[in-house]
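Q: can't give you the sequence, but here's the structure:
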């Protein structure tokens, strides 16, 4: 088989892969000096061509949400089995990718009653490219 | 014809192309520990000089919203026929473009009644340049 | 006259120029699945040293809001006579500038009554530098 | 004196300097098609090692909020005496710094009564590095 | 011991480290022309592989929230004992890291009663990489 996806070490294909995750900020109510908490949360999503994602993340890739994606097709429903973004970035760097951009889409959710603490979400996306 | 747009392989013109899409975050109400959902959504818009957009995206470009744009003029009303950003980025990279910036304009829409789930939007823009 | 501004082709001065514009997102009310609209809107502002802005944009620069700015002084009140950001970026690239950063300052305006659609603004800034 | 801060032209020290300023957006109420206004506002803050800030900005640096900071210590309370970001960036570029990042922290202030116009703030940060 | 973490000067390992901190903006109520205050606040968090964080920050690293992390594992619970981001960035640069991205996740907390001043938070993240 001469597919580049089947031979990643012979010819590394160029392409983009995107990691996405949510950030959560909980603002404690009633005390403007409270620390609140801001942190990344939830699963790390992987978007891009299926064979690139598999090449980079291997067994740590959860494909259960998009199990039959052909290798040359794109997906945005893969997830990682681990939770540390830096671990994912290190794997991408080892595979020859570099981070070209990141941004956090603003999003907020007014959850519960006014008397409750509020939780606010943002969606953070990290874009990697291998030339 | 000596137009650079008609001869992309003889002299590749420099220029910028921008991709835009919306992000949507739905925050489930009443449960601060709910996962909510954040994802890209909607069509991918293409902004820039008409002939550059056509050179890169060819038949996958939907020009129906701006059908008579002269090739040397700028448009912000083209769309892609496919939905994966990474697929668009890969085509841009194959044509010699690289991502120079991205950002997500903050935008939120308070939809429906207080008792409903809220949907929040952001607008994400990816800027590409070919020198 | 030996001013660098009068002789842009003999010695191109280094410097920063910033483009700014507003983004507008209209969220249709009552239907969380509505598409809404997100787009850039309004005039493109040009900030930086007056002579650099004039060198790059020439007759397409609207100086009516700051008509007597000396060439070596800075302004943030110039505007472009055209509306496409990519057209402005292409001119900047032709003059030797490259985009070094962009960001969108979050801003939202709750306009009108709760029963109306809401319009949300963001302010987007693109920073260019010529070395 | 062999301090690098006293001899900036003999050995230029590496380091980071950050500029910060607020952006303000005023949304006129009641007319969804109003232009509103978005602009940078307020003083430009300078954060980083005191001697680097003094080397770059000299007499244009306002140290009154942190007058006794030792040159090798860090401060986030210096301000510039001028108001144009591009002017500050140009000085940084002349001193060998380049912009490595910028972002705008989302922040909004719901000021006054529902019947008033609202003012929304964001905090914009520009990061410079000299290697 | 031939561990790269034990011999940082012999072979510097590639990898990512992320710094995170909160930004706080307090909007004074009732006066749309008030300055309000925007500033970074709170501790600087360090995320990434434990041994990389220890190599760069040494004694200035607070590991009390994640005291038993093995050196090859990832953590997001380390903090710095000092408060200046530029000081942290300078240490990272001295260790061969460069800033590849930064973003500020949008987050806001509506604290207290409508009659109070509001405090708004954002979470800022700075990504560094050593190749």
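A: Here it is on my side, so go on. Computed from a prediction, not measured in an experiment: that's the story for all the values here.
Q: C-alpha only now, for contacts and for neighbours.
A: Will do.
Q: Helices of chain A, residue ranges please.
A: For chain A, the helices identified by DSSP state H occupy A:50-57, A:85-94, in order along the chain.
Q: Include mean pLDDT when you put those into a markdown table, please.
A: Converted to a markdown table, the helices of chain A look like this (pLDDT from 0 to 100):
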| stretch | mean pLDDT |
| --- | --- |
| helix A:50-57 | 97 |
| helix A:85-94 | 96 |
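Q: between these, which gets nearest to chain D?
A: Across these, the minimum distance to chain D, taken as CA to the nearest CA, is reached by helix A:85-94, at 18.9 Å.
Q: Let me know the angle separating the closest one from helix A:50-57.
A: Using axes from the mean of the first three to the mean of the last three CA atoms, to 10 degrees, the direction of helix A:85-94 lies 110 degrees away from that of helix A:50-57.
Q: So which bits of helix A:85-94 are buried?
A: By neighbour count, with 16 or more other CA atoms under 10 Å in any protein chain shown as the criterion, the buried positions of helix A:85-94 are A:85-90, A:92-93.
Q: So, low pLDDT: which residues of chain A?
A: Under the criterion of pLDDT under 70, the regions of chain A flagged as low confidence span A:1-11, A:23-41, A:105-121.
Q: so residue A:66 makes contact with residue A:75?
A: Yes: in this structure, residue A:66 is within contact of residue A:75 by CA atoms under 8 Å, at 7.5 Å.
Q: Of those two, which one has the most company?
A: Under the criterion of other CA atoms under 10 Å in any protein chain shown, the comparison of residue A:66 against residue A:75 puts residue A:75 first, with 22 against 14.
Q: ok, the more buried one to residue B:84 distance?
A: Note on residue A:75: its distance to residue B:84, by CA to CA, to the nearest Å, is 8 Å.
Q: what sits in contact with each of the two?
A: Contact with both residue A:75 and residue B:84 is made by residues residue A:48, according to CA atoms under 8 Å, 6 or more residues apart in numbering or on different chains.
Q: Take the helices of chain A and lay them out in CSV including distance to residue D:124.
A: Supplementary listing: the helices of chain A in CSV, determined by distance: least, CA to CA, whole Å:
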stretch, distance to residue D:124
helix A:50-57, 35
helix A:85-94, 25
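Q: Tell me which of those helices sits nearest to residue D:70.
A: Between residue D:70 and the helices of chain A, the shortest separation by CA to CA is 35.7 Å, and it involves helix A:85-94.
Q: That closest one vs chain E: in contact?
A: Yes: under the criterion of CA under 8 Å from any CA of the partner chain, chain E is reached by helix A:85-94 at A:86-87, A:89-90, A:93.
Q: Now do that helix: which elements does it pack against?
A: In this structure, helix A:85-94 packs against helix A:50-57, strand E:15-27, strand E:37-49, with contacts taken as 3 or more CA pairs under 8 Å, 6 or more residues apart in numbering or on different chains; DSSP states H and E.
Q: if we go to 7 Å?
A: Judged by 3 or more CA pairs under 7 Å, 6 or more residues apart in numbering or on different chains; DSSP states H and E, helix A:85-94 is in contact with strand E:15-27.
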